[in-house]
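# Turn this into a model:
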Amino acid sequence: MTKKLWFQVGVGTLLAILIIKYFMEISFIFAPIVIIIKAIILPLLLGGVLYYMTEPIQRKLEERNIPRWGSISIIMVGLALLLWTFISIVGPIITNQVNNLVDNAPTLTKDFNEVKNKLWNQKEELPKQFQKSLDSAAESAQTIAVKFGKWIVQFLQSFFQAVFLLVLVPFFFIFMLKDHEKFAPRIYGLFSGERQQWVKKTLSDINNVLSSYIQGQFLISAILATIILIGYWIIGLEYALLLAIFALFMNLIPFIGPWIAVAPALIIGYLEDPKMVIWVGVVTLIAQQTDSHLITPNVMGKTLDIHPLTVITVILAAGNLAGFLGIIVAIPVYAILKVIVMNVYERRKEIRRAATKNV
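As a prediction, this is how the structure comes out:
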């Protein structure tokens, strides 16, 4: 019986529950370790993202016989020039739009409340069933808005608290560019034989998934943000650049992100001119259709092969557990776990085949 899969899974689950239970009871012992991990997690994530974004460039440079230190120097100088260009050219425009938004915030809030109250007062004319549905939808929307607002605040607080630690970002980034070939061998070198080959393959699959996801998702978000920015400029929507940058970061969240990105644009467009909502919708439709039929299939393909319902469930669960940062990292973490589980399953099948042949 001890060799049965269901027995092993059951024992493993019970042991995991006991470990978590006793870990929570003595968690105060690990408090310093938790504080250190929280302090370095953001710089480590940013360094990892920068690495996966620039690794193809480094590979191309080194294929032209440029030494490792030279490729790293070129990448760092290029990023510095890109940041300087963004700050000097785009920075003043963003600052101006943010200042205008802050100055007009009281007026926008007043107009929004008037529209909301007007629509809400007219709900009495609807059938009771529609009224109940409207009340339920309003409560759900309010709950989601409050949670999302908390996630944003928590993310910004974590970000500003970690500003003094951002010196670690280039440290992790440069270290990854310099020694990234050594990471995997150090791990699978701890094993031998077939197990070593399995660990090597699993690490390679994880690296491929992360690389494809991060590079593809950032490229898709950048293209979509550019399309949205051009569209908003054409229709004359206020705060176009600010809204496009917001869309750039929100589109990093699969499926849910584009809906979050368009919400403030619809509100600002309606307060500016109710007809503007139609044009914002047209721009959004063009961007989403272009993404669905041209960009994502060619950039991402079936890299993750995760069902949309699974993506939404994972994102909502991660948001409740870890806030906005959890939403950002939820899909890559899920993809890594999926790769590990699939490789474990394939390994077990190979062992069973080998055992059957021997019999």
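# for the stretch 51-200 of the chain, what are the low-confidence residue spans?
98, 101-105, 107-166 (pLDDT under 70).
# Please apply the same query to the stretch 251-359 of the chain.
Ranges of the stretch 251-359 of the chain meeting pLDDT under 70: 295-308, 322-325, 358-359.
# all helices of it, in order?
257-272, 276-290, 296-299, 308-358 (DSSP state H, counting those that start in this stretch).
# Just give the number of residues close to Val282.
12 (other CB atoms under 10 Å). Glycine gets a C-beta too; all of them are placed from N, C-alpha and C.
# Tell me who's in contact with it.
Residues near Val282 by CB atoms under 8 Å, 6 or more residues apart in numbering: 231, 235.
# Helix or strand: which one has the closest residue to Phe172 other than its chain neighbours?
Excluding the flanking residues, the one nearest Phe172 by CB to CB, 6 or more residues apart in numbering is Gly47, at 3.0 Å. For Gly47, the host element (DSSP states H and E) is helix 31-63.
# about what we covered before: I figured the residue nearest to Phe172 hits Leu177, correct?
No: applying CB atoms under 8 Å, one finds Gly47 not in contact with Leu177, separated by 9.5 Å.
# Leu237 against Ile230, yeah?
No: counting by CB under 8 Å, Leu237 does not reach Ile230; the two are 11.3 Å apart.
# mind listing the helices for the stretch 1-150 of the chain?
5-25, 31-63, 68-85, 91-121, 128-161.
# before we move on, the earlier item: by contact count, what packs against the helix holding Gly47?
Under the contact definition 3 or more CB pairs under 8 Å, 6 or more residues apart in numbering; DSSP states H and E, helix 31-63 sits against helix 68-85, helix 168-188, helix 193-235.
# what angle separates the second one from helix 31-63?
If I follow you right, that is helix 168-188. Put simply, helix 168-188 runs at 90 degrees to helix 31-63, going by axes from the mean of the first three to the mean of the last three CA atoms, to 10 degrees.
# Around the residue nearest to Phe172, how many other residues sit close by?
By other CB under 10 Å, the burial measure for Gly47, its neighbour count, is 22.
# quick revisit: could you dump the helices and strands packed on helix 31-63 into a markdown table with mean neighbour count and distance to Val314 added?
As requested, those are exported to a markdown table (neighbours: other CB atoms under 10 Å; distance: least, CB to CB, whole Å):
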| stretch | mean neighbour count | distance to Val314 |
| --- | --- | --- |
| helix 68-85 | 13 | 31 |
| helix 168-188 | 15 | 26 |
| helix 193-235 | 17 | 13 |
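# Reformat these as JSON lines; add distance to Glu62.
Below are those laid out as JSON lines (distance: least, CB to CB, whole Å):
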{"stretch": "helix 68-85", "distance to Glu62": "5"}
{"stretch": "helix 168-188", "distance to Glu62": "11"}
{"stretch": "helix 193-235", "distance to Glu62": "16"}
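# Minimum distance to Ala247: which of those has it?
helix 193-235 (5.1 Å; CB to CB).
# What helices and strands are in contact with the closest one?
helix 31-63, helix 168-188, helix 240-250, helix 257-272, helix 276-290, helix 296-299, helix 308-358.
# of all those helices, which lies closest to Gly70?
helix 31-63 (7.3 Å).
# relative to helix 68-85, how tilted is the closest one?
Helix 31-63 and helix 68-85 are oriented at 100 degrees to each other (the same axes, to 10 degrees).
# quick revisit: indicate which one of the helices and strands packed on helix 193-235 is closest to Lys201.
Nearest to Lys201 among the helices and strands packed on helix 193-235 is helix 308-358 (6.7 Å), distances taken as CB to CB.
# picking up where we left off before, out of the helices and strands packed on helix 193-235, which comes closest to Phe218?
So among these, helix 31-63 is nearest, using CB to CB, at 6.2 Å.
# okay but Phe173 is in contact with Gly47, surely?
Yes: using CB under 8 Å, Phe173 is in contact with Gly47, at 4.2 Å.
# Report the contact partners of Asn207.
With CB under 8 Å, 6+ apart, Asn207 has these contacts: Ala184.
# ah, wrong one, I meant Leu252
Contacts for Leu252 (CB under 8 Å, 6+ apart) come out as 217-218, 221, 328.
# out of those, who's nearest Lys182?
For these, the nearest to Lys182 is Phe218 (25.4 Å; CB to CB).
# Quick check: closest non-adjacent residue to the closest one.
Closest to Phe218 by CB to CB, 6+ apart is Met53, at 6.2 Å.
# my guess is that neighbour contacts Leu219, does it?
No: contact status for Met53 versus Leu219: not in contact, 9.2 Å apart, counting by CB under 8 Å.
# contacting residues for the residue nearest to Phe218?
Residues in contact with Met53 (CB under 8 Å, 6+ apart) are 214-215, 218.
# quick one on the thing from earlier: how about the helices of the stretch 251-359 of the chain in a markdown table, adding distance to Phe249?
Below are the helices of the stretch 251-359 of the chain laid out as a markdown table (distance: least, CB to CB, whole Å):
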| stretch | distance to Phe249 |
| --- | --- |
| helix 257-272 | 8 |
| helix 276-290 | 15 |
| helix 296-299 | 18 |
| helix 308-358 | 9 |
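# highest average neighbour count across those helices?
Mean neighbours per residue, mean count of other CB atoms under 10 Å, is largest over these for helix 257-272, with a mean of 19.
# List the neighbours of that helix that are in contact with it.
By CB under 8 Å, 6+ apart, helix 257-272 touches 108, 111-112, 115, 148, 224, 228, 232, 237-239, 243, 246-247, 250-251, 253, 276-277, 279-281, 284, 287-288, 291.
# Name the nearest residue to Gly70, ignoring sequence neighbours.
Closest to Gly70 by CB to CB, 6+ apart is Leu61, at 7.3 Å.
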